[in-house]
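Chemist: Build me a model:
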Amino acid sequence: MSNSKVDKFFDAPYVDELLRMNTELLAELWIVKDRLLVLERVVCEKLEIDRDEIDRFVPDGPFAEELDSEREVMMKKVMHAPFAEDDRRVETILETYLGKGARKVE
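Modeler: Got it, this is the predicted structure:
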């Protein structure tokens, strides 16, 4: 990894930061949407269930807690993306804002 700063395209630095945050959100959203659509198709075909059944599902207990935890990690990753100019690896961002031993992103 080089020691150079991230390129700046606009005079106002916050515009670059907002664009970087937006790009991070779009990348995350597409990955999740693509995977979700594939998963729903496979599950519905293999188990012969209706997609409405998936829509009606309400998580609870440990699964609800897992979802909450994953949401927090994602929000911190996205919200802190503008501040990761020198080292944009997700692990570094998470370690910086969540502390040592933060969950590694695969």
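
Chemist: Give me the longest helix you can find in the chain.
Modeler: The helix that spans the most residues within the chain, counting by DSSP state H, is helix 13-47.

Chemist: Check which residues of that helix are buried.
Modeler: Buried residues in helix 13-47, counted by 16 or more other C-beta atoms under 10 Å: 16-17, 20-21, 24. Using the backbone N, CA and C atoms, a C-beta is placed for each residue, glycine as well.

Chemist: what pLDDT, on average, does the very next helix or strand once past it get?
Modeler: Heading C-terminal from helix 13-47, the first helix or strand you meet, by DSSP states H and E, is helix 51-56. Looking at helix 51-56 alone, the average pLDDT works out to 90.

Chemist: same deal with stretch 24-36?
Modeler: Average pLDDT, stretch 24-36: 92.

Chemist: and what of stretch 74-85?
Modeler: On average, the pLDDT along stretch 74-85 is 74.

Chemist: Which secondary structure elements does the helix or strand containing Glu66 sit against?
Modeler: Secondary-structure assignment from DSSP H and E places Glu66 in helix 61-80. When contacts are defined as 3 or more C-beta pairs under 8 Å, 6 or more residues apart in numbering; DSSP states H and E, helix 61-80 packs onto helix 13-47, helix 90-98.

Chemist: send the alpha carbons of that helix over as CSV?
Modeler: Taking only C-alpha atoms (Å, rounded to 0.1, in the frame of the first residue of the first chain), the coordinates of helix 61-80 have been written out as CSV:
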residue,chain,number,x,y,z
GLY,A,61,-34.0,-13.8,20.3
PRO,A,62,-30.4,-14.4,19.4
PHE,A,63,-31.0,-13.9,15.6
ALA,A,64,-32.5,-10.4,16.3
GLU,A,65,-29.4,-9.6,18.4
GLU,A,66,-27.1,-10.8,15.6
LEU,A,67,-28.9,-8.6,13.1
ASP,A,68,-28.5,-5.6,15.5
SER,A,69,-24.8,-6.3,15.9
GLU,A,70,-24.3,-6.6,12.1
ARG,A,71,-26.2,-3.4,11.5
GLU,A,72,-24.0,-1.5,13.9
VAL,A,73,-20.8,-2.8,12.2
MET,A,74,-22.2,-1.7,8.8
MET,A,75,-23.2,1.7,10.0
LYS,A,76,-19.9,2.4,11.6
LYS,A,77,-18.1,1.2,8.4
VAL,A,78,-20.2,3.5,6.2
MET,A,79,-20.2,6.5,8.5
HIS,A,80,-16.4,6.4,9.0
